[in-house]
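Engineer: Based on what follows, work out the 3D shape:
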Amino acid sequence: MALTRNKPLVVVLLLGFVIMSTLTIGAQSIGVCYGTNGNNLPSASQVINLYKSNGIGSMRIYDPNSDTLQALKGAGIELILDVPNTSLQSLASDASAAATWVQNNVVNYASNVKFRYIAVGNEVLPTGSNAQYAQCVLPAMKNVQSAITSADLQGQIKVSTATYSSVLGTSYPPSAGSFSSDVSSFINPIISFLAENGSPLLANIYPYFSYTGDTQNIRLDYALFTASGVVVPDRSYQYQNLFDALLDALYAALEKAGGSNLQIVVSESGWPSEGGTAATVDNARTYYSNLINHVKGAGTPRKPGQAIETYLFAMFDENQKTGLETEKHFGLFTPSQESKYQITMQGLELNHWCVVELS
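Structural biologist: Residues are numbered from 1 along each chain as shown. Got it, this is the predicted structure:
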């Protein structure tokens, strides 16, 4: 039964498994991205309550929405806050504009909102649909970093940008991973900036899109973490799932570009439940469940035994997302706040809401 806004609620109960711990991997949380491209989504305060009720300890938001930031006050949820691509030019060209942006959207909330990263731009490359923003990314990062430092928040908040697998010119085998020649002049200075400031690289990793882009050569079980043995041998590295292969290809590229000490935070990863090839509820449930179990500490062949800070995409289906139909169906929850899957995450389960009204 869905939780509705228009009924007086006295008691709200969770059915099923009892929550026993927060959703953590080592010291870090598994996060969930909160997108708002829908006309039927719950209020920000309801969303924050849903995160808390399900023990989800980290969130990514794609713009500095004031309602969300207000609702996050005192919630204890760690946050990735994006600088939208459309704001990059103004923040890159004017340090005072960056300082104002940081003051209004970070400093004003920092005493009771747990900012973790600022993602300055999302999936911007000098090639592709966001190419017009490419020259603005690094200057905007520098100006935002300066503003964060001026506010004495540099020890708490790291400034980065979110990239994706298209930054790679070579990704197979993973040890051959290298940045495309078209983007090396763009990404290399960003790598230097991150290294200088002790910040990780944020990366959106989607085995789903790699699989659907090459179903002739990529097996579904390899993409879903269900392969029974090694699928891709790579020198001393053995790959049983595509997520590790994509992540290690990016690590290999970083090493070649002088970023061997950089950490990668997976800022998005998910699987759609409908709308395209292999987009089913069963496949999505399988992917999310196996991803959650995997990132707790298995690591990758290149980085074994390490928890992988990961943000699942996304909290809700978003009926106003543009692009492929699958883009609308990545939600862990429906807009009515019902879990689409029974997914166990280190001692807790995402559950359906049950509403009990007392007269």
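
Engineer: and the residue lying closest to Tyr62 once chain neighbours are set aside, how far is that from Tyr117?
Structural biologist: Counting by CB to CB, 6 or more residues apart in numbering, the nearest residue to Tyr62 once its immediate chain neighbours are dropped is Asp82, at 4.6 Å. To be clear about C-beta, it is placed using only N, CA and C from the backbone, and glycine gets the same treatment. Plainly put, Asp82 is 9 Å away from Tyr117 if you go by CB to CB, to the nearest Å.

Engineer: Check Met59 too.
Structural biologist: Summarising the geometry, the distance separating Met59 from Tyr117, computed by CB to CB, is 11 Å.

Engineer: ok, now Tyr172?
Structural biologist: According to CB to CB, Tyr172 and Tyr117 sit 29 Å apart.

Engineer: Only C-alpha atoms, please: export the top helix by length along the chain in PDB.
Structural biologist: Scanning the chain for the longest helix, with DSSP state H as the assignment, gives helix 134-150. Below are the C-alpha coordinates for helix 134-150, written out as PDB (Å, rounded to 0.1, in the frame of the first residue of the first chain):
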ATOM      1  CA  ALA A 134      34.300  20.900 -21.700                       C
ATOM      2  CA  GLN A 135      36.500  24.000 -21.500                       C
ATOM      3  CA  CYS A 136      34.600  25.200 -18.400                       C
ATOM      4  CA  VAL A 137      35.100  22.100 -16.200                       C
ATOM      5  CA  LEU A 138      38.600  22.600 -14.900                       C
ATOM      6  CA  PRO A 139      38.300  26.400 -14.400                       C
ATOM      7  CA  ALA A 140      35.000  25.900 -12.600                       C
ATOM      8  CA  MET A 141      36.600  23.100 -10.400                       C
ATOM      9  CA  LYS A 142      39.400  25.500  -9.500                       C
ATOM     10  CA  ASN A 143      37.100  28.300  -8.600                       C
ATOM     11  CA  VAL A 144      34.800  26.100  -6.500                       C
ATOM     12  CA  GLN A 145      37.900  24.700  -4.800                       C
ATOM     13  CA  SER A 146      39.100  28.200  -3.900                       C
ATOM     14  CA  ALA A 147      35.700  29.000  -2.500                       C
ATOM     15  CA  ILE A 148      35.600  25.800  -0.500                       C
ATOM     16  CA  THR A 149      39.100  26.600   0.900                       C
ATOM     17  CA  SER A 150      38.100  30.200   1.700                       C
END
